[in-house]
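Participant: quick one, fold the following:
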Amino acid sequence: MPEGHTLHRLAHDLDRAFAGRLVRVGSPQGRFEDAARLLDGQSLESAESWGKHLFIAFPGERYVHVHLGLYGAFDVHHDLGDTGEVPAPVGQVRLRLVTADAGPTAYADLRGATTCELVTREQRDAVLARIGPDPLRLDQDPARAWERIRRSKGPVGGLLMDQSVLAGVGNVYRAELLFRHRIHPLRPGSTLRVGQWRAMWDDLVELMGEGVRTGRIDTVRPEHTPEAMGRPPRKDDHGGEVYVYRRTGQPCLVCGASVRTAVLQARNVFWCPRCQPTFRSRAVPC
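Facilitator: Reported below is the predicted structural model:
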């Protein structure tokens, strides 16, 4: 499932291609056809992301609400030029946007999303009220998430991916954040100190912001990069250099212990048993 930085990059791409321009809105697959007909030929005002939710604004305070889920993809093409040709849809395209005015041609295709619906401003605001603060938005208050975390006996590894607690964090950032702060994923949220949480929040702001800029998740510190350690670069579909995510059985880049994994709330979680001990143990110096 795409993490929050991917949605922020997508909103930026949609703005770059369509904001302030007339667009043709269609649903080749047919599942969004009635709503597309209401929007077709109007000006697309803007796109914004909140956590893992995307909202595309149209006149009259109407929004296309998209949640990509596990398998969704929204491909934006905005380098076709003034006379670029838009190809016929391929596959199950739920939503297609195409520029309909003078200027560079652009189009975007949405496939496989969990959610694609036309909503009002009130419905959009109701979605936002259900999710926690987003580290990628400057006006967010981490204290809202802390109030939920400090009262919970549930594992912090689960709380970080609970979108009603914290918006935008997925499996990669969850695993890497806990490693960087030497916290075991099964540690109860109520055992954290507020200073630990604020340090984690600040780290997320920086790490996810870098993800927006680069389009990949890199979480290792300079002294643990392939160049610094003389090791091969990581090869994985997700890209980026990480400490523990999808490194089960491999040596920890810090202490050499074998990375472990377990299932937590139906998702794999990864950690180093030496750098991230149980709450009653002490981590080795790193």
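
Participant: in the stretch 151-286 of the chain, which spans are strands?
Facilitator: With DSSP state E, counting those that start in this stretch, the ranges of strands along the stretch 151-286 of the chain come out as 260-264, 267-271.

Participant: and the ones you listed: which comes nearest residue 25?
Facilitator: Proximity to residue 25 (CB to CB) singles out strand 267-271 among these, at 34.6 Å. Any C-beta I mention is one placed from the backbone N, CA and C, and that applies to glycine too.

Participant: sheet partners, orientation included, of that closest one?
Facilitator: With DSSP bridges as the test, strand 267-271 is paired with strand 260-264 (antiparallel).

Participant: related to what we said a few turns ago, out of the strands of the stretch 151-286 of the chain, deepest packed?
Facilitator: Of all the strands of the stretch 151-286 of the chain, strand 267-271 carries the top mean neighbour count, a mean of 20, counting by mean count of other CB atoms under 10 Å.

Participant: circling back to that earlier point, the strands of the stretch 151-286 of the chain: which one's closest to residue 31?
Facilitator: In terms of CB to CB, the element of the strands of the stretch 151-286 of the chain nearest to residue 31 is strand 267-271, at 27.7 Å.

Participant: so where is the protein shaky, pLDDT-wise?
Facilitator: Along the chain, the parts satisfying pLDDT under 70 run over 81-83, 238, 279-286.

Participant: give me the domain ranges for it.
Facilitator: Per automatic domain parsing, the structural domains of the chain span 4-129, 142-271.

Participant: how distant is the last one from the center of its chain?
Facilitator: Going back to what we said before, that points to domain 142-271. Counting by CA atoms, centre = their mean, to the nearest Å, domain 142-271 is centred 13 Å from the centre of its parent chain.

Participant: next one: stretch 73-85
Facilitator: Relative to the centre of its chain, stretch 73-85 is centred 23 Å away, using CA atoms, centre = their mean.

Participant: and the domains of the chain: which comes nearest residue 135?
Facilitator: For the domains of the chain, proximity to residue 135 was assessed by CB to CB; domain 142-271 is nearest, at 4.2 Å.

Participant: put the alpha carbons of the helix or strand hosting residue 12 into CSV.
Facilitator: Assigned by DSSP states H and E, residue 12 belongs to helix 4-18. Provided in CSV are the C-alpha atoms of helix 4-18 (Å, rounded to 0.1, in the frame of the first residue of the first chain):
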residue,chain,number,x,y,z
GLY,A,4,1.9,9.1,2.7
HIS,A,5,4.8,10.5,0.8
THR,A,6,3.6,8.8,-2.4
LEU,A,7,0.2,10.5,-2.1
HIS,A,8,1.8,13.9,-1.6
ARG,A,9,3.9,13.4,-4.7
LEU,A,10,0.8,12.4,-6.6
ALA,A,11,-1.1,15.5,-5.5
HIS,A,12,1.8,17.6,-6.7
ASP,A,13,1.8,15.8,-10.1
LEU,A,14,-1.9,16.3,-10.5
ASP,A,15,-1.7,20.0,-9.6
ARG,A,16,1.2,20.4,-12.1
ALA,A,17,-0.8,18.8,-14.9
PHE,A,18,-4.3,19.9,-14.3
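
Participant: report the backbone C-alpha coordinates of the helix or strand following it in PDB.
Facilitator: The C-terminal neighbour of helix 4-18 among helices and strands, as given by DSSP H and E, is strand 21-26. Output of strand 21-26 as PDB, limited to C-alpha atoms (Å, rounded to 0.1, in the frame of the first residue of the first chain):
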ATOM      1  CA  ARG A  21      -7.400  23.900 -16.400                       C
ATOM      2  CA  LEU A  22     -10.500  22.500 -18.100                       C
ATOM      3  CA  VAL A  23     -10.500  18.800 -18.100                       C
ATOM      4  CA  ARG A  24     -12.500  15.900 -19.600                       C
ATOM      5  CA  VAL A  25     -13.500  13.500 -17.000                       C
ATOM      6  CA  GLY A  26     -14.400   9.900 -17.900                       C
END
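
Participant: thanks again, I'm all set now.
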